[in-house]
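In: I'd like to go over a predicted model; first the sequence, then the structure.
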Amino acid sequence: MRPDAASADKPVVVVGSGPAGHRVVQAIGRLDPTRPVIWYGDEPWAPYNRIKLSSLLAGDTRWEALTADVSVSAAVDTRFGCRIARIDRATSEVIDMQGGRQPYGTLVLATGSRAHVPDIPGATLPGVFTFRDLNDAQRLQARSVRSRVTVVIGGGLLGLEAARAVRRYHTRVIVIEHADRLMPRQLDGEGAAWLARSVSEAGIEVRVSAAVKGIEGGREVSGVLLRTGEVIACDTVIVATGIRPNIELALRAGLPVGRGIKIDDATCTADPCIHAVGECAEHRGEVYGLIAPGLEQAAVAANRISGGEAVYEGSVAATRLKVMGCAVFSIGELDRQGAADTARATAFADPDGDGYRRVVVRQGRVVGAQAVGPWPEMSRVQEAVRSGRRVWPWQRLRFARIGQLWPDSDAGDVRFWPAEATVCNCTGVTRGQLEAALGRGCRSVEALCAETGAGSVCGSCRPVLSELSGADALPAVAGWRALAGVGAAALMLALAYLLFAIPFPDTAELAWRWDVIWRDSLWKQASGYTALGAMALLAVIGLRKRWPRLAALWDFAGWRVVHGVLGAVLVAVMLLHTGGRFGDQLDRVMSLMAVAAILSGTVIALVVSRQQDPAPALVRRVQRSATWVHILALWPLPVLLGVHILKTYYF
């Protein structure tokens, strides 16, 4: 029996009130609502949305918007503002700073990370800040009111977010990055150049390939000294040079640590009764330092604690965020792993200046991607990299030409995404999980958020949730019942023409021989000119948008039904004219073109008549494809019809 199952009668103790700790508590509450949980947090307030800290500092949002939904099981005892000092593994207890002891059956360490401050002379001067938690945000909020020049050391995600936030009071902000580009871990040179232009347009100065030698000042900061000898005068410095996992608690308890607390595929440490998740955990030598992998680890830990067999096999690091209002996306490998590597990169730079995209493919499978600026395919590309999906040569050609791996509707509509595709990057919720929630009756954005947690962090995925829940379905067209009926009738007639031929009479002893309809010249001409008249009327109705007087006689929906009726009449007359036989040579081609035009027209009528039911993108995709078939089939008909008439009268 596993330790988690054996200690089911003892409380689960979770240390850490960040996103990973919060997810563990919520997941245990869903899987085992009666299981007692003790939840500790260093900070005195309830869990909050750390992603929005820069928005709080910039004045774009209020504290209420940061407060996470902390609704948890009644069996959860929250102890926020209470720091755990050490772990007594011998007695299976945690001891807080006041000496209080709490027994545990299972312990989950979700201690997160802290800001890394390099050993720079002057880093402890007043006026030097970090930007990691709410305490930092509050201190910077007070400081930014009187700051005139702020230097941000670090051009990564945290540094750029801090730089944007402190621009609130028109402070001059200078970002210093020692690498040769911004966000060097997520972007290549060209992508970073696109981002740098966006940052500069936001009024922030950028200095790359600039190493900091020290921070100068007496009682307060007065400047930043670069290794070149240049001094940048400033009154505030923000150090945003990365994070370091909080491993001290595990280290004092004798648990193996590296860069983080070492865990196995069950998220267990060397002690099977102790799990570690989130930014403090190291799995297979990797410390991710991102929210999404931490949430995945938290879900596995909660499953294991509740008696499940879930396994964590690692994550493909993905960054998806907005920097200065500019979307930045990066996942997987940035480039080739050496001269012998067969990976090939394909890039697309929007000629209108909207952004830059790049994919890396190895042996036909996508292994990395990045983008600066909007990219409707982000979620699908993210899933493709994680799953190692194949990318065909024509997809790469399309990407190089228009910046998309898939057709418009496939990429943009969430219903076309694989079930494993991540819809909410903040919480790691997939399309498959959302579909399951829809099956359980969640039919609104709010219900999906409450059930799965998607859209509860930054909210950027809410439009996709709206699409998935049907909230943005197309409205029913006027006269849709009549249009559907006419389309169905035309479809049945067209299929009858395509599949069946009216037989010739097998005896001469008949009161009326029906084959006279296509044998007698008068009947033949009557049906032929009737079909020609129907075609002419269809052509005139097709010009209704360019003929204001015709359009003014009736509304669009009415003319659409008339168009369908004439199409059904045309196929019925053609059936009489030919007896369902296609003829030979050019006559056969003309008949096939006419049937293709009618069938594609009926598809358009039937799809449009029920456009409120399918996904909007599916409606547009089918309608667009059928329209192209309709046009291509109609284009040669006038010439073929003219040849048919000329041949008939000539011979």
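Out: That came through fine. Worth saying up front: this structure is predicted, and the values here are computed from it rather than measured. Residues are numbered from 1 along each chain as shown.
In: which element follows the helix or strand hosting V152 toward the C-terminus?
Out: If you go by DSSP states H and E, V152 is part of strand 149-153. Remark: after strand 149-153, the chain's next helix or strand is helix 157-165, criterion DSSP H and E.
In: what's in contact with that next one?
Out: With CB atoms under 8 Å, 6 or more residues apart in numbering as the test, helix 157-165 has contacts from 53-55, 57-58, 115, 131-132, 140, 144, 150, 152-153, 173, 175, 177, 182-183, 186, 199, 202, 204, 238, 240-243, 319, 321, 323-324. Where C-beta positions appear, they are placed from N, C-alpha and C, glycine not excepted.
In: Next, the contact list for M535, please.
Out: The contact partners of M535, taken as CB under 8 Å, 6+ apart, are 570, 637, 641.
In: would you say P33 is within a strand?
Out: No: counting by DSSP: H, G, I helix; E, B strand; the rest coil, P33 is not part of a strand but coil.
In: would you list every one of the strands in the stretch 501-650 of the chain?
Out: For the stretch 501-650 of the chain, strands defined by DSSP state E, counting those that start in this stretch do not occur.
In: shaky segments in it?
Out: For the stretch 501-650 of the chain, residues meeting the criterion pLDDT under 70 lie at 504-516, 518-521, 541-559, 610-620, 644, 647-650.
In: now do 80
Out: For the stretch 501-650 of the chain, the stretches with pLDDT under 80 are 501-529, 531-568, 570-588, 590-591, 594-595, 598, 600-601, 604-627, 630-631, 633-650.
In: Remind me what the strand holding V152 packs against, helices and strands.
Out: helix 157-165, strand 172-177, strand 236-239 (3 or more CB pairs under 8 Å, 6 or more residues apart in numbering; DSSP states H and E).
In: Export only the CA atoms of the longest one, formatted as PDB.
Out: Provided in PDB are the C-alpha atoms of helix 157-165 (Å, rounded to 0.1, in the frame of the first residue of the first chain):
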ATOM      1  CA  LEU A 157       9.800  38.600 -18.700                       C
ATOM      2  CA  LEU A 158       9.800  40.000 -15.100                       C
ATOM      3  CA  GLY A 159      12.000  43.000 -16.100                       C
ATOM      4  CA  LEU A 160       9.800  44.000 -19.000                       C
ATOM      5  CA  GLU A 161       6.600  43.600 -16.900                       C
ATOM      6  CA  ALA A 162       8.200  45.800 -14.100                       C
ATOM      7  CA  ALA A 163       9.300  48.400 -16.700                       C
ATOM      8  CA  ARG A 164       5.800  48.600 -18.100                       C
ATOM      9  CA  ALA A 165       4.300  49.000 -14.700                       C
END
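In: Next, the angle from it to strand 172-177.
Out: 170 degrees (axes from the mean of the first three to the mean of the last three CA atoms, to 10 degrees).
In: what angle sits between helix 157-165 and strand 149-153?
Out: Interaxial angle of helix 157-165 relative to strand 149-153 (the same axes, to 10 degrees): 170 degrees.
In: what's in contact with the longest helix belonging to the chain?
Out: What stands out as the longest helix in the chain, according to DSSP state H, is helix 585-609. Residues outside helix 585-609 that contact it (CB under 8 Å, 6+ apart): 477, 480-481, 483-484, 486-488, 490-491, 494, 497-498, 560, 563-564, 567, 570-571, 574, 578, 582-583, 614, 619, 622-623, 626-627, 629-630, 633-634, 636-637, 640-641, 643-644, 647.
In: which among the residues you listed end up buried?
Out: By neighbour count, with 16 or more other CB atoms under 10 Å, the contacts of helix 585-609 hold 477, 480, 483-484, 486-488, 490-491, 494, 497-498, 560, 563-564, 567, 570-571, 574, 578, 582, 614, 619, 622, 626, 629-630, 633-634, 637, 640-641, 644 as buried.
In: V94 bridge partners, please.
Out: Bridge pairing for V94 (DSSP bridges) gives the partners I87, Q102.
In: In this protein, which residue is most central in space?
Out: Against the mean C-alpha coordinate of the chain, by CA atoms, centre = their mean, the closest residue is S379 at 3.1 Å.
In: Pull out the buried residues from whichever strand or helix holds that one.
Out: According to DSSP H and E, S379 maps onto helix 378-387. Residues of helix 378-387 classed as buried by neighbour count (16+ other CB under 10 Å): 378-386.
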